[in-house]
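Asker: Can you look at this prediction? I've put the sequence above it.
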Amino acid sequence: MFMKKFSKQKISPFKTTPIIVKLVSLGFILGYFLPLVGATMDDFVQGTGIASSLSEIHHHIGPLIIGLIGSILGFLFGQIYIKHQYTQEEFNQSQNLFQLMFDNANIGRAIANIEGRFIKVNQSFCTMTGYTEKELITMSWQDIIHHEFLKPSSEKVTRLLISDKNSTNTIQKIIHKKGQVIWVNLNIVIKRDTKASPLFLIGDIEDITERKKAEEALRDSEEKFRTIVSNAQAVIFVVDREGTFLLSEGRGLTALGLKPGQVVGLSAFDLYKDYPKIKNGIKKALAGTFHTKEIKVGDMYFDTFYSPYKNADNEIIGVIGMSIDITERKLAEDALKKSEEKYRDLFEKSIDAICIVNKNGNFIDINKATETLTGYSRAELMKKQVMELVHPDDREKSSEFFEKLYNEGSYQDYESRIITRNGDLKYIHVNANLIYDKNDQIVGSRDIIRDITSRKQAENKVLKSLREKELLLKEIHHRVKNNLQIIISLLNLQASRIQDEQTLKAYQESKNRIYAMALVHEKLYQTADFSEIHFKGYIESMIRELYIVYKTSSLVSIDLQIDDISISIDKAIPCGLIINEILTNSLKHAFPNGRKGNIVISFTRLRNQWYELNIKDNGIGIPKNINIRETNSLGLQLIRILTQQIDGSVTIERDKGTAFNITFKN
């Protein structure tokens, strides 16, 4: 705008009139002195022989010619002045315009001497660097340039100064007053004198930091993209409209025996002429259709995506696509399909009923055996719930079973009864496992149901027979106990007639031994288990009887330390007889003359089915000269024999009384 204004501006002739008048007057003054020149001319004319005619002319028109010449000279001097005035004003305007453009430019501008010291800077450059104009005038370009560019920048300016070029351009980094890095595009112009010697440098400095950041971001993005493309477990490709490969990258190429970029420049239509799916896929994408195809190349499978490749004008210029190797997935799918076929085959041919049931108890799938078991068709069962088939008395138990299955999430099995379509009662054994969806959520259960009706009927027969045998055994034990009681009664009758004290004692001891055996049969008759006897209750009953016989309950106390143990009948009778013999011996001999004392009976489980029976009294003790293995005492002989009968061992301690320690394995 400034240049247009400047070019249209004119100089007014009225402003130049005074100086013109003066110049014209000067012309007339000069005309006054020209007659001297004229005289000279007369002499010259007369010398040439044409004096008369020229003299006349000179006399009449000389003054006019002289005035005219003066006017012409005045005009010429005026024009020279006008031109000088016009050039000076043009220069002044040009200088003002340059100053205006320098100060108000939206990019940084600086003038520096050839050493790089700043002479003048504009406000944009001050804003860019963070320094004031006053600060920059005391600095040089070297003070703000980044150290990476200091040497190359100095070398470039030096080359420019000694060359015949007047400008150069470079991209550099400068340091802001606060320390941050600024990227700039620097354009340098050299001002030279008339001899082409450099006077000073003019620099235009444009802040391109944001552009550089964008370029770096773009490079990073491109690098990431290239890294992704190069390392992708796929093949990424681009072809032009003729089908020529422009790009072929990705680790998936290895599976095809290719290297990245190997097929670039080759025709996809030629390379894959035997694969119509590939050619058709490219053609469809060139026609503008995005689509996916599953392609088999050799023994490999690929999921291939085709997309139109467009330019900035939205014109299709090729195809971009990606092929993902799905060979493993396909093989897994084929294996799964075969597995499902095998499962379905096993599912249908299983002799056990197999049901898939959802969380609500509805049938989702069943096999043929389920129809056979229940008598219902598949269509009928699909409309029913499991509990509709369960016997009414078993529904609560079945509900608790499924509740436990869903709460605990583990394998469960149980037995129940169902009512078939014909009303028959069938016993079943159910084995159930939970079914989960892909989110690991429970969706139902898989129940394998076996018909155990025949087994249950056989078991019921066995149980009935067993109950009959139990009754028979009870009766036998009861009869044995009664017979032993009869023998005891007979001994009591016989003893009432015996006068000899030793014989009477022998009768009494025999009666006690028979009672110990009878007591076992009585306990077995009272229990539901005929193979074992609860030993503590058995010993307590025996002690009560011996107290009665020997009438020593007020003098001798018995302390029982017996674990809650049951032992087999073949061990119980010998142990009972051993305890009877030892207690009888203690009550008869350990506390003579009404002496008070204590007997401790302990029976404990040791390890690995070994047991220990310990009977200890604090009486006078067995004489040390009595050896249990060589004694004539019937009681001690019985203790040794009975211990051998239960495969045990016996030891006797005579310290502060007598202690019998017997160990055996049950």
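Answerer: In hand now; what should we look at?
Asker: dump the residue contacts of L546.
Answerer: Contacts for L546 (Cβ atoms under 8 Å, 6 or more residues apart in numbering) come out as 512, 580, 583-584, 587. Heads up, the C-betas are built off the backbone N, CA and C, glycines and all.
Asker: quick one, phi/psi of I418?
Answerer: phi -130, psi 160 (degrees, to the nearest 10).
Asker: Pretty sure N113 sits against I137.
Answerer: No - the pair N113 / I137 is not scored as a contact, 11.5 Å apart, by Cβ atoms under 8 Å.
Asker: Now do the strands in the stretch 51-200 of the chain.
Answerer: Assigned by DSSP state E, counting those that start in this stretch, the stretch 51-200 of the chain shows strands spanning 108-113, 118-121, 167-175, 181-192, 198-207.
Asker: Neighbouring strands - and their directions - for the first one?
Answerer: Going back to what we said before, that points to strand 108-113. Applying DSSP bridges to the sheet, strand 108-113 is found paired with strand 118-121 (antiparallel), strand 198-207 (antiparallel).
Asker: Can you list the buried residues in the last one?
Answerer: When neighbours are counted by 16 or more other Cβ atoms under 10 Å, the buried residues of strand 198-207 are found to be 198, 201-207.
Asker: do the shortest one as well
Answerer: When burial is assessed from 16+ other Cβ under 10 Å, strand 118-121 yields the following buried residues: 118, 120-121.
Asker: Convert the C-alpha atoms of that strand to PDB, please.
Answerer: Extracted C-alpha coordinates of strand 118-121, given in PDB (Å, rounded to 0.1, in the frame of the first residue of the first chain):
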ATOM      1  CA  PHE A 118      23.400  -6.700  16.700                       C
ATOM      2  CA  ILE A 119      23.000  -3.100  15.400                       C
ATOM      3  CA  LYS A 120      19.200  -3.000  15.300                       C
ATOM      4  CA  VAL A 121      16.400  -5.500  16.200                       C
END
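Asker: what pLDDT, on average, does it get?
Answerer: The average pLDDT within strand 118-121 is 92.
Asker: Which neighbouring elements make contact with the helix or strand containing D345?
Answerer: Under the criterion of DSSP states H and E, D345 resides in helix 327-349. Secondary-structure packing of helix 327-349 (3 or more Cβ pairs under 8 Å, 6 or more residues apart in numbering; DSSP states H and E): strand 300-310.
Asker: what's the strand it packs on in contact with?
Answerer: 235, 238, 252, 255-256, 278, 281-282, 284-286, 288-296, 316-327, 329-330.
Asker: so where's the stretch 201-350 of the chain uncertain?
Answerer: For the stretch 201-350 of the chain, residues meeting the criterion pLDDT under 70 lie at 228-233, 252.
Asker: need the strands for it, in chain order.
Answerer: Along the stretch 201-350 of the chain, counting by DSSP E, counting those that start in this stretch, strands occupy 234-240, 245-249, 291-297, 300-310, 316-325.
Asker: I'd like to know which of these is closest to Q412.
Answerer: Across those, Q412 has its closest neighbour in strand 300-310 (41.6 Å, Cβ to Cβ).
Asker: gap between that closest one and the chain center?
Answerer: 29 Å (Cα atoms, centre = their mean, to the nearest Å).
Asker: can you check stretch 532-548 too?
Answerer: 69 Å.
Asker: Likewise for stretch 572-589?
Answerer: That offset, for stretch 572-589, works out to 75 Å (Cα atoms, centre = their mean).
Asker: Give me the contacts around that stretch.
Answerer: By Cβ under 8 Å, 6+ apart, stretch 572-589 touches 509, 512-513, 515-517, 519-520, 532-533, 535, 538-539, 542-543, 546, 550, 552, 556, 558, 567, 599, 601, 613, 615, 617, 619-620, 635-636, 638-639, 642-643, 645-646, 658, 660, 662.
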